[in-house]
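Chemist: Return a 3D structure for these sequence lines:
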Amino acid sequence: MGLALGLMASTHLERLSMGELLQFLRTAIRKRRAFGYPVGGWSSVISPLAAFLGEGIRLGCRVEKILVKEGKAVGIVTGGEEVKADYVIFAAPAFLLPSLLPLPKDYGKKLERIRPTAGVILDFGLGRRVSKIRDTIVTLEPPTLGWFTSNLEPSLVPPGRQLLTTFMPLELEELKEGARKALARLREVYLGIFPEIEKNILWERGFPTIVNGAELNIHQTRLDRPPVCTPIQNLFLVGDTTNAEGAGGEIAFNSALECVRQIEHTGGSACS
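Modeler: Got it, this is the predicted structure:
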């Protein structure tokens, strides 16, 4: 149960793919470190990428349509403006793609059936350190995960302060109606484990979220998830809904590498 929760953000063992779990564990065992947290937080990864792309980034834009001409993706529409491109890389969950362009019927339905994992996150900003724990905190009744992220990367907080992030998985169908109750339960669990939290809270923030774009269940194994290439030439998928190797975020990273290889080796050819 703990592995399913930690690696797949789900507690429903009856539908999870043990093959996917075992494959990830085999990969993890071969590595010196299978898990980690970026030095400086995730901004230390995202900010250099944004700086590298420079003025090519448009923020606050909603893609309204993917332009296709003669079976080939040629750009997007945002704010009523056509932006032409040699390649279009769709980095959102694949089940959102059918809303942006016509797709072959069977392929579009396959994407729309993708089931994500979901849950609630509750962050605590603390006025002082209440724990030195650097490992992942796992509870099974109820199932939750927790991290003192500032113990992993002190630069995330001012000196003497602490950041705690906690998570509880939810059924996708419960995300809207059950989120408030789940957040209250999540808060109760961690205040029970660390009583010093309550009197040192500077702020707290809770919200529902999609965790993994595709739950690694028996119907969404690597053989079932869509490849990086699509039936549309020069249109690619990137993210954790693809059939790249790994679990969770690792799928997303590997899909990006696979996308680069596809473009370099095939010039953007569609899936056969």
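
Chemist: From Ala118, how far off is the residue nearest the centre of the chain?
Modeler: With distances taken as Cα atoms, centre = their mean, Asn212 lies nearest the centre of the chain, 4.6 Å away. Relative to Ala118, Asn212 is positioned 9 Å away (criterion: Cβ to Cβ, to the nearest Å). Using the backbone N, CA and C atoms, a C-beta is placed for each residue, glycine as well.

Chemist: Where does the prediction get shaky in the stretch 151-272 of the chain?
Modeler: Low-confidence segments of the stretch 151-272 of the chain, defined by pLDDT under 70: 272.

Chemist: residue boundaries of the strands in it?
Modeler: Shown for the stretch 151-272 of the chain, the strands assigned by DSSP state E, counting those that start in this stretch span residues 162-170, 201-210, 235-237.

Chemist: and Ala184, which of those is closest to it?
Modeler: strand 201-210 (8.9 Å; Cβ to Cβ).

Chemist: Neighbouring strands of that closest one in the sheet, and parallel or not?
Modeler: Within its sheet, strand 201-210 is paired with strand 118-126 (antiparallel), according to DSSP bridges.

Chemist: what's the angle between the partner strand and strand 162-170?
Modeler: Relative orientation of strand 118-126 with respect to strand 162-170: 160 degrees, computed using axes from the mean of the first three to the mean of the last three Cα atoms, to 10 degrees.

Chemist: Run through who's touching strand 118-126.
Modeler: Applying Cβ atoms under 8 Å, 6 or more residues apart in numbering, the set of residues contacting strand 118-126 from outside is 9, 157, 161-172, 174-175, 179, 182-183, 186-187, 190, 197, 200-211.

Chemist: Tell me how far the helix or strand just after that strand lies from the chain's centre.
Modeler: As assigned by DSSP states H and E, the chain's next helix or strand after strand 118-126 is strand 137-140. Strand 137-140 sits 20 Å away from the centroid of its parent chain (Cα atoms, centre = their mean, to the nearest Å).

Chemist: Strand 137-140: which residues count as buried?
Modeler: Judged by neighbour count (16 or more other Cβ atoms under 10 Å), strand 137-140 contains these buried residues: Ile137, Thr139.

Chemist: Just the C-alpha atoms of the helix or strand following it, please, in PDB.
Modeler: Note on strand 137-140: by DSSP H and E, the next helix or strand toward the C-terminus is strand 143-147. Backbone C-alpha positions of strand 143-147 (Å, rounded to 0.1, in the frame of the first residue of the first chain) are rendered in PDB as follows:
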ATOM      1  CA  PRO A 143      -3.500   7.200   3.400                       C
ATOM      2  CA  THR A 144      -1.400  10.400   3.200                       C
ATOM      3  CA  LEU A 145       2.100  11.500   2.200                       C
ATOM      4  CA  GLY A 146       4.100  14.400   3.800                       C
ATOM      5  CA  TRP A 147       7.400  16.100   3.300                       C
END
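
Chemist: so strand 143-147 versus strand 118-126, what angle?
Modeler: Angle, strand 143-147 to strand 118-126, by the same axes, to 10 degrees: 40 degrees.

Chemist: neighbouring strands for strand 143-147, and are they parallel or not?
Modeler: Counting by DSSP bridges, the strands paired with strand 143-147 are strand 137-140 (antiparallel), strand 162-170 (antiparallel).

Chemist: Could you provide the ones you listed in a markdown table, with additional columns for distance to Ala91?
Modeler: Below are these laid out as a markdown table (distance: least, Cβ to Cβ, whole Å):
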| stretch | distance to Ala91 |
| --- | --- |
| strand 137-140 | 30 |
| strand 162-170 | 23 |
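
Chemist: Just list whatever residues bridge to the closest residue to Leu145 other than its chain neighbours.
Modeler: On the basis of Cβ to Cβ, 6 or more residues apart in numbering, the spatially nearest residue to Leu145 that is not a chain neighbour turns out to be Phe167, at 4.7 Å. Listed beta-bridge partners, Phe167: Ile121, Leu145 (assigned using DSSP bridges).
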